[in-house]
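Visitor: model this:
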Amino acid sequence: MSAVVEVLAQRGQEGVTLREVTDRAEANVAAVSYHFGSLKTLCDTAIEDALEQYLDAQMAAVDALDADSDIEELAAAFAGPMMRALAAGGRELALMRTVARVGIDPPKGWDRLTAKFQQSRRDIVRELSPMLPGVGDQELNFRIRCAAGLLNWLALAPVGAELAAEPPGQIERWLVPVLAGAFRGSSATG
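Guide: From the prediction side, this is the model:
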């Protein structure tokens, strides 16, 4: 699984070859067929696992907020998994890059985690609504999706690599206000 996540993070699902994955994993081709049936199933399993880890971490951070949390604290909870991955690098960042690639260009027929994505957005809207009275749920969902897109882009773009070279505190100081601004928009002063 780690080997396929690394390749997925670098090139996306179209760039994965069975030979490269088995060479990296020091496994034989038959092992993939035996355990997963196909390279596509292995890739789908790795992507689903990465997305679930990301969403679970994000949802736990948002759920841990208290009633007095402000929009910056919500933005920090929302971006927490990505900020930790940028700071840690390695496998954690590879997982986030895999999440980002799928977020930007979901595979066809990819709907197994739709309910979890919807729950995540509902949780964030629940926290964000009282901070931005007068902004409807549809607009809040749009802002959340834009903020998620920004995180996806950041995981893959050169500026993300620049940010990853910074200490964790600096990553948070730079990223949280940008996401809070995306949440806040121009129609509220929350």
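
Visitor: distance of Ser2 from Asp49?
Guide: For Ser2, the distance to Asp49 (C-beta to C-beta, to the nearest Å) stands at 11 Å. Quick note: C-beta positions are derived from backbone N, CA and C, even for glycine.

Visitor: ok, the two, which is more surrounded?
Guide: Neighbours per residue, other C-beta atoms under 10 Å: of Ser2 and Asp49, the larger number sits with Asp49, 15 against 12.

Visitor: what's the pLDDT at the residue nearest to that one when sequence neighbours are not counted?
Guide: Spatially, and ignoring its direct neighbours in sequence, Asp49 is nearest to Met1 (6.7 Å; C-beta to C-beta, 6 or more residues apart in numbering). pLDDT, the model's per-residue confidence, is 78 for Met1.

Visitor: quick one: Met1 from Asp123, how far?
Guide: Separation of Met1 from Asp123 (C-beta to C-beta) stands at 27 Å.

Visitor: who touches the longest helix anywhere in the chain?
Guide: Looking across the chain with DSSP state H, the single longest helix is helix 39-63. Surrounding helix 39-63, the residues in contact under the criterion C-beta atoms under 8 Å, 6 or more residues apart in numbering are 1, 4-5, 8, 13, 16-18, 21, 32, 35-36, 74, 76-78, 80-81, 95-96, 98-99, 102, 107, 112-113, 116-117, 119-120, 123-124, 127.
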